[in-house]
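*Asks:* Give me a model of this one.
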Amino acid sequence: MEQQITSKEKILKKVRAALNYKSKSSFQNIDLESNIFARPEGETLSEMFVKKFIDVSGQFVYCDNQFDCIDKLLNLIEQRKWKYLFCWEDTVQQMLDDTGIPYFDKREQLDKIQVSITGCETLLASSGSILVSSTRNGRVLTIWPPVHVVIARRSQIVLDIKESLQVMRNRYGRNMPSMMSFITGPSRTMDLPANDTENMGEMVVGAHGPVELILFLIDDRKQQD
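*Replies:* Numbering: from 1, shown residues only. Sure, this is the predicted structure:
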């Protein structure tokens, strides 16, 4: 009596056959090493990043040094009358502690959050994006508050994703963060009509994350980069 083959076994047999057969690639000379993005002639990485960051609706604050950063941050807090600031990152907490800026570091009052203050891993000049990870902060502080303030340094600017990931590999080795996220401007989405392809929908800002993304960039490089 011939043994019946189940549908699952037929599929697995086809998969095994496909894995055993290696066809020649139609694309033999693909350049996977060269950078996709090129820095415009006469423009520094910092200038390139700032232009891209502003283009995606990020708010940029230049800081001559760390003291200047704290002074401008204090002015913004007083101007906005923020009372519920949340910060979970040790290095940023130390900066706030040294200047007496009060903040919350527990989840108990997270429902009252007005602004989060975080650091970041790298800044991408090619897209104006900010790379954050779970090593420095949980995902909550990058998507939950209406305002996300990032404190970064000019030396963290890299050209593109390739360089950014290389920085991460050099920094963490085999202990890569469980979560990495590229933030490109404040949260936004397009509300597309279901049956109207001619008219574009309305852009909704803050749809699934912060309405404002504010970057305080400390200039720790006085020379050209």
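*Asks:* Show me what counts as buried in stretch 99-111.
*Replies:* Along stretch 99-111, these residues count as buried under the neighbour rule (16 or more other Cβ atoms under 10 Å): 101, 103-104. Placement of C-beta: from N, CA and C, glycine included.
*Asks:* Would you tell me which one of those comes nearest to E9?
*Replies:* Nearest to E9 among those, counting by Cβ to Cβ, is F104 at 57.2 Å.
*Asks:* Identify the residues contacting the nearest residue in space to that closest one that is not next to it in sequence.
*Replies:* Using Cβ to Cβ, 6 or more residues apart in numbering and skipping residues adjacent in sequence, the residue nearest F104 is F86, 4.9 Å away. By Cβ atoms under 8 Å, 6 or more residues apart in numbering, the contact list for F86 reads 103-105, 110, 113, 115-117, 141, 145.
*Asks:* Tell me the spacing between F86 and T99.
*Replies:* 17 Å (Cβ to Cβ, to the nearest Å).
*Asks:* still on that earlier bit, now, which of the contacts of F86 lie within strands?
*Replies:* 115-117 (DSSP state E).
*Asks:* which among those end up buried?
*Replies:* Neighbour counting with 16+ other Cβ under 10 Å marks 115-117 as buried within these.
*Asks:* Now render the residues you listed as JSON lines, adding pLDDT and distance to R188.
*Replies:* Listed next are these as JSON lines, based on pLDDT from 0 to 100; distance: Cβ to Cβ, whole Å:
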{"residue": "V115", "pLDDT": "96", "distance to R188": "18"}
{"residue": "S116", "pLDDT": "95", "distance to R188": "18"}
{"residue": "I117", "pLDDT": "96", "distance to R188": "22"}
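*Asks:* Now I77. Its backbone dihedrals?
*Replies:* With angles defined as degrees, to the nearest 10, I77 shows backbone torsions of phi -60, psi -40.
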